[in-house]
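Participant: Pasting the sequence and the predicted model now:
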Amino acid sequence: MTAFRIAGFSGLVPRLAKQLLAPNQAQVATNCRLTSGDLRPRNGLLPVYMPAVEGDIVSLFRMEKEDNGKWLAWDKDVDVARSPIADNVSRRFYYTGDGEPRVSDYDMATAGTGPYPSGCYVLGVTPPKTAPAVLPAEGPGAGGMVTSRAYVYTFVTQWGEESKPSPPSSAISGGDNGSWILSVMDGAPPNSGTLADAVADSPLPGQAEVALDTVFGLRAGEEIQFASVAGMTDLNGRFRIAGVDTAAKKITVALATSQAYSGGGTWARVAPHNTSGMSKRIYRTVTASSDTEYHYVATIPAAASTFNDTVTDGEVALTEILPSAAWEMPPAGMQGIIILANGIAAGFAGNEVFFSEPFKPYAWPVAYRQTYDQDIVAIAVNGTTLVGMTTGNPFTITGVEPATMGGGMEKLGVAWPCMAKRGVANFAFGVGYPAPQGMVIIGTAAGTSDIVTKDLFTQSEWSALNPGTFIAAAADNRYYAGYSADGGSLMFVIDKAESASFLKVNQKITAIWADPATGKLYVAADRKIYEWEGDAGTKLIYEWKSRKFVTAPPLNYGAARIDADFEMSEEEVALARSANESAVAANHALAVSGAMDDGLADSAAGEHEIGGDAMSPIPPLWLDSLQFQLWIDDTLKFSKQIGSSRAFRLPGGYKADNVEIVLSGNVKVSAVTLAETMDGLRQA
């Protein structure tokens, strides 16, 4: 008797013809969990938070401090990096993509009722712009001598972040042991001010030139908010600064308007400088040599514009040397911030990679920048190796010191362009991203870079997934990605470690994030944040379709048996009941509040299908759904709802040389056996 048995269920291999698949491989594998070899349903999504963002959630991040946690969310592509500083009790973090690079901490970012982050500072410390004026002592006092000095000063934030120094004063001679008077030093850079004038279509059509009371601390690429502007009311709102004219105290913003400015108006930085508690540090030379180092003299309040220096050269020579001579703020257009294992922060813009001082993500020397011959799409980190993904060849940079970083970029000799910045994911064994040829893994060891999906997809089949739309994360060393193709949107999972399986999930998402602290995966859908497979009481309905089994000669399979588990444990029953009751209660609350969004005139029209509403589907109380289908010659021959693991008969009166089976349901299946007769089943 001829029989076959399917066990150790596996996923899709699209590049193989359906009759060439292995006996346990699938033509269709949707909403399945196959990690144990059984065919199981995936858990449903568990709602965890609904942030107040205007559009779809594109980026998300969870902040935690002690026993408290809050979700941050953006409707734009934002990268977040936790601070590498020691004793980071305030849970400081850095992010790019939401305007200029920014820094915040738990308390600042989660103040109020949201949306979060609710507060931040611009990343980096703007330097003073005015050189100090110096009045030297009129001559040496008793036992003194004549010396020559030059002075600079820096700003220091409440977090101990120091700026690049001011322009130096002129070297001036005076008495060593006298009182040297410094004056006209800048105060802390302002975060707000007033308008003096605004001119439309200047200096170019579609731009507005705005005169301010001061432009100190403003840079092109940063965001500014205008309010209370009369006449040119189109200017009231948030704008990105296109240019700054320091001498004329003017900035340029993109604004197409025919309105004329008539007066008034205020401006404020969207990401303010960290000026609360800011101080100044005074440094001076010890000799008159132009290349002499600057030594620390004193710390004074940032508001102080004068200082009397009475410290002798002998005392100053023993103090700290100015550390921040080359420290710059990160470029306003920098994106993709990450932290390497050695405490170095990195980011990119265009074809440049930027590095910070180790454990000082606010200090970005120009000398540490490296350029590439192709535009960079994304960067990622694996240990002390930075992986750069570009419009052409990827590259790596490895090292422990930002000044050298392995001697420069190592260009890989393969043209594997990155098609989606948001499709990049970090694995324990390397960095993965979508290229036209398939999913690339750039390993940290030499020679480990490869197209890991080459055994799953041809390039044409991979292209059909529209990899330019991927949004992805790695969890349990599996690649989870949302994608849009054929007018729809789905998710898929690639498991490189377990026979390179590929699964689809009927879930549309707009963002995805893996928590490195817990390993949990979170997704955003319908403007809510969910824990992936977090609702163990709700099981998705899976569908699994076998390979095409071809026989010679043609046969009539007359009996089948499915080894399935229809019994639920007490824990499973309790979880299913809880999920059911929670969905009912949530839907009742929507109905009572009138927020069902079930009418075409509602504000949410277009967010739900016609006739739909905001209510959630009610999970079943019992997991007992299992549908079996038998396909012969690509035609459905037999369908049966299965309720036990007892054998059952299949229709007779035919013979065929090919057969396929389809299983759909929410119960665990261990194996499926088909035979010509019932006796054949017992022998299989």
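Facilitator: Yep, it's here.

Participant: Confirm that residue 679 lies within a helix, as I assumed.
Facilitator: Yes. According to DSSP: H, G, I helix; E, B strand; the rest coil, residue 679 belongs to a helix.

Participant: Neighbours of it, how many?
Facilitator: 11 (other C-beta atoms under 10 Å). For every residue, glycine as well, the C-beta is placed using N, CA and C.

Participant: So residue 123 sits against residue 101, correct?
Facilitator: Yes. Counting by C-beta atoms under 8 Å, residue 123 touches residue 101, with 4.0 Å between them.

Participant: which one of the two has more residues nearby?
Facilitator: Ranked by neighbour count (other C-beta under 10 Å), residue 123 and residue 101 place residue 101 first, with 31 against 27.

Participant: Residue 670: what's it in contact with?
Facilitator: Residue 670 sits next to 7, 38-39, 563-565 when contact means C-beta atoms under 8 Å, 6 or more residues apart in numbering.

Participant: returning to what we had before: what is in contact with residue 123 and residue 101 at once?
Facilitator: 94, 330.

Participant: Run a quick neighbour tally on the closest residue in space to residue 97 that isn't next to it in sequence.
Facilitator: Of all residues beyond its chain neighbours, the one nearest residue 97 is residue 78 (3.9 Å), with distances taken as C-beta to C-beta, 6 or more residues apart in numbering. A count of nearby residues for residue 78, using other C-beta under 10 Å, gives 22.

Participant: Tell me the spacing between residue 78 and residue 110.
Facilitator: Using C-beta to C-beta, to the nearest Å, residue 78 is found at 16 Å from residue 110.

Participant: re earlier: out of the contacts of residue 670, the closest to residue 27 would be?
Facilitator: residue 39 (14.0 Å; C-beta to C-beta).

Participant: Other residues contacting stretch 512-525?
Facilitator: Contacts of stretch 512-525 (C-beta under 8 Å, 6+ apart): 45, 48, 56-62, 64, 73, 471-476, 480-482, 507-511, 529-534.

Participant: at 6 Å instead, please
Facilitator: 57, 60, 471, 473, 475, 509-511, 529-532 (C-beta atoms under 6 Å, 6 or more residues apart in numbering).

Participant: again, but for stretch 45-57
Facilitator: 71, 73, 75, 114-115, 510-511, 524, 528-531, 534-535.

Participant: Report the buried residues of it.
Facilitator: Within stretch 45-57, the residues scored as buried using 16 or more other C-beta atoms under 10 Å are 45-47, 49, 51, 53, 57.

Participant: Stretch 29-37 too?
Facilitator: So for stretch 29-37, counting by 16+ other C-beta under 10 Å, buried means 29-34.

Participant: still on that earlier bit, farthest pair within the buried residues of stretch 45-57?
Facilitator: 46 and 53, at 19.7 Å, using C-beta to C-beta across these.

Participant: Tell me which stretches of the stretch 501-650 of the chain form strands.
Facilitator: 501-505, 511-514, 521-525, 528-539, 542-546, 549-555, 559-565, 626-632, 635-641, 648-649 (DSSP state E, counting those that start in this stretch).

Participant: Show me the one of those strands that comes nearest residue 310.
Facilitator: Of all those, strand 511-514 sits nearest to residue 310, with 55.8 Å by C-beta to C-beta.

Participant: In three-state terms, label residue 419 for me.
Facilitator: coil.

Participant: what's the weakest-modelled helix or strand in this structure?
Facilitator: Ranked by mean pLDDT, DSSP states H and E, the weakest helix or strand in the chain is helix 570-593, scoring a mean of 60.

Participant: Can you give the domain ranges for this protein?
Facilitator: Following automatic domain parsing, one finds the domains of the chain at 133-188+276-316, 192-269, 330-521, 548-683.

Participant: For residue 324, find the nearest of those domains.
Facilitator: The nearest among the domains of the chain, by C-beta to C-beta, is domain 133-188+276-316 at 4.7 Å.
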